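Q: Give me a 3D structure for the following:
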Amino acid sequence: MAVREGILVPGADSARACPRRVALLGSTGSIGTSCLEVIESLPERLEAFGLCAHTRWEALLEQARSFRPRFVAAMTGEAARQLAGKLPPDCQLLIGEEGLAELVAQPEVDVVLAAVVGAAGLTGTWLALEAGKTVAVANKETLVMAGPLVMELAGRRGARVLPVDSEHSAIFQALQAGLAAPSPPTPLPQGEGSQVSQVRRVVLTASGGPFRGKKRSDLENVSVEEALRHPTWRMGPKITVDSATLMNKALEVIEARWLFGLSPDQIEVIIHPESIVHSFVEFKDGSVLAQLSPPDMRLPIQYALLYPERVEGPARRLDWSELSTLTFEQPDAQTFPALELGYEVARRGGTCGAVLNAANETAVSRFLAGELGFLDIPRVCRAVLDEHPYSARPTLSELHALDRWARQEVVRWTRTNMCSVTA
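A: Next comes the predicted model:
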């Protein structure tokens, strides 16, 4: 393979002159640590050039000593103070948003992996796209909050957005297989008049979480421990709770809508408890392509970091001798009303994504703290979404303002409604 403008292109030498340099935002989270496992297993192809974390400075320091990055960015002053004087000799400490901007804009950076959980991940993704970088997005909230603005920025700056979520990576891989992609590869085929016009629909698969098959009456007194007991995936607490409510699928519907330029009517969800088929793409001629693999985030991470090249990596492989049954079920919209919120937001667009995302983040945090019931999570999200001052074409500053407003509204709703219940 040859290298053209930082992208591996089929047809010439298979070796790169140097490893692809990765700036990893959110390095201490579950996606971040999986990314470092991929980098560690492919030292000739990938290099941890920069690491960034928020408050977990001890884990960040350990990673810096293991991977020897050129830069470490600490997002808080306290983390920076703790790291000062402790990093390896050739590692430069960057601090706060200015340091984050300096990291992602480094000319040596080939790809930025955005793995910061929640709305906080938007800043790093935005700065990287402004710098014209290839951004591997593992933070679905970025596109939920500001999908049209993010994709417009990517197009304007000549940047590339690649999905890391297993479902969206599966869609992307199926699109690459099913569409006549030119060489060298172009950015994601998105927008009206693009090759996505050949797609009839995409189907996002969902494990169903720990409460698959349950009814609403079964979920009245769900504990935090029960909600965090995911049967298939190992994830952080926020994402695990989202899986239990099916809010993660709601957010993924919105993400797919903006990432691939699809209409909401082209996106469906199906329950697949084995988590082997990660998504389907049905084309207009009736052909259906799917991507299958064990539930292992290292595979979509590696695909995004090395796109379009495929090499031996650390991800688990399917054991076809043990694969006997693949199960598919329709989601239960009555028991899991969060899913319909996702479709509504995907249809309305505008400010709805930022409000839903902020309301859900805050509600999940309150649930994990024992201040809100499990069934109250979609309930408060519905209430805040209905009450917000909708705008069809918001600016980025307006989205940030509504993000703050929605969080305050969830706190207010919780105090009002939970106090009335316990009184």
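
Q: for the protein, what's the longest helix?
A: Identified as the longest helix of the chain according to DSSP state H is helix 396-422.

Q: Could you check how far that helix is from the centre of its chain?
A: 24 Å (C-alpha atoms, centre = their mean, to the nearest Å).

Q: Equivalent analysis for stretch 342-350, please.
A: Counting by C-alpha atoms, centre = their mean, stretch 342-350 comes out at 18 Å from the chain centroid.

Q: Domains in this structure, by residue range?
A: The chain breaks down into these domains under automatic domain parsing: 2-163, 350-410.

Q: Could you export the ones you listed as a markdown table, including mean pLDDT, mean neighbour count and distance to Pro331?
A: Quick note: C-beta positions are derived from backbone N, CA and C, even for glycine. Converted to a markdown table, the domains of the chain look like this (pLDDT from 0 to 100; neighbours: other C-beta atoms under 10 Å; distance: least, C-beta to C-beta, whole Å):
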| stretch | mean pLDDT | mean neighbour count | distance to Pro331 |
| --- | --- | --- | --- |
| domain 2-163 | 89 | 20 | 18 |
| domain 350-410 | 97 | 20 | 13 |
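
Q: so which of the ones you listed comes closest to Arg216?
A: domain 350-410 (6.8 Å; C-beta to C-beta).

Q: Give me the distance from the closest one to the chain's centre.
A: A distance of 18 Å separates the C-alpha centroid of domain 350-410 from that of its chain, computed with C-alpha atoms, centre = their mean.

Q: same thing with stretch 144-158?
A: For stretch 144-158, the distance to the chain centre is 15 Å (C-alpha atoms, centre = their mean).

Q: go on, stretch 121-130?
A: How far stretch 121-130 lies from its chain's middle: 13 Å, per C-alpha atoms, centre = their mean.

Q: which residues are contacting that stretch?
A: 23, 25-26, 52, 97, 100-101, 104-105, 112, 114-116, 135, 137, 139, 141-142, 145-146, 150, 153-154, 157, 159, 161, 396 (C-beta atoms under 8 Å, 6 or more residues apart in numbering).

Q: which strand residues sit across from Val202 in the sheet?
A: Beta-bridge partners recorded for Val202 (DSSP bridges): Ile267, Val281.

Q: how far away is it from Ile171?
A: 5 Å (C-beta to C-beta, to the nearest Å).

Q: now swap in Leu299 and tell me
A: Here Leu299 is placed at a distance of 14 Å from Ile171 (C-beta to C-beta).

Q: Tell me which of the two has more neighbours.
A: Ile171 (29 against 25; other C-beta atoms under 10 Å).

Q: tell me which element that one is part of?
A: According to DSSP states H and E, Ile171 maps onto helix 166-178.

Q: helices and strands around that helix, which ones?
A: Secondary-structure packing of helix 166-178 (3 or more C-beta pairs under 8 Å, 6 or more residues apart in numbering; DSSP states H and E): strand 160-163, strand 199-206, helix 247-259, strand 277-283, strand 288-292, helix 298-306.

Q: out of the ones you listed, nearest to Val222?
A: Among the helices and strands packed on helix 166-178, helix 247-259 sits nearest to Val222 (C-beta to C-beta), with 14.1 Å.

Q: Okay, and the beta partners of Val112?
A: In this entry, Val112 is beta-bridged to Ala23, Val135, by DSSP bridges.

Q: quick revisit: among the helices and strands packed on helix 166-178, which is the most enclosed?
A: Of all these, helix 247-259 has the most neighbours on average by mean count of other C-beta atoms under 10 Å, namely a mean of 27.

Q: What is the distance between that helix and the centre of its chain?
A: Taking mean C-alpha positions (C-alpha atoms, centre = their mean), helix 247-259 and its chain are 10 Å apart.

Q: What does Glu130 show for phi and psi?
A: Taking degrees, to the nearest 10, you get phi -60, psi -30 for the backbone angles of Glu130.

Q: ok, it to Leu372 distance?
A: With the distance defined as C-beta to C-beta, Glu130 ends up 36 Å from Leu372.

Q: Check Asn357 too.
A: Distance of Asn357 to Leu372, computed by C-beta to C-beta: 17 Å.

Q: Arg157 now?
A: Here the criterion is C-beta to C-beta. By it, Arg157 lies 40 Å from Leu372.

Q: just Leu289 next, same as before
A: Leu289 sits 41 Å away from Leu372, going by C-beta to C-beta.

Q: Kindly report the same for Val199.
A: From Val199 across to Leu372, the span is 38 Å (C-beta to C-beta).

Q: element containing Gly342?
A: Using DSSP H and E, Gly342 falls in helix 338-348.

Q: Okay, angle between that helix and helix 247-259 too, please.
A: Note on geometry: by axes from the mean of the first three to the mean of the last three C-alpha atoms, to 10 degrees, helix 338-348 and helix 247-259 are set 20 degrees apart in direction.

Q: Counting by contacts, list what helix 338-348 packs against.
A: If contacts are counted by 3+ C-beta pairs under 8 Å, 6+ apart, helix 338-348 sits against helix 247-259, helix 352-368, helix 376-387.

Q: would you turn the ones you listed into JSON lines with distance to Leu83?
A: Below are the helices and strands packed on helix 338-348 laid out as JSON lines (distance: least, C-beta to C-beta, whole Å):
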{"stretch": "helix 247-259", "distance to Leu83": "32"}
{"stretch": "helix 352-368", "distance to Leu83": "26"}
{"stretch": "helix 376-387", "distance to Leu83": "35"}
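
Q: first to last residue in stretch 328-337, what's the distance?
A: This stretch, stretch 328-337, spans 19 Å end to end (C-alpha to C-alpha, to the nearest Å).

Q: buried set for that stretch?
A: By 16 or more other C-beta atoms under 10 Å, the buried positions in stretch 328-337 come out as 331-332, 335-337.
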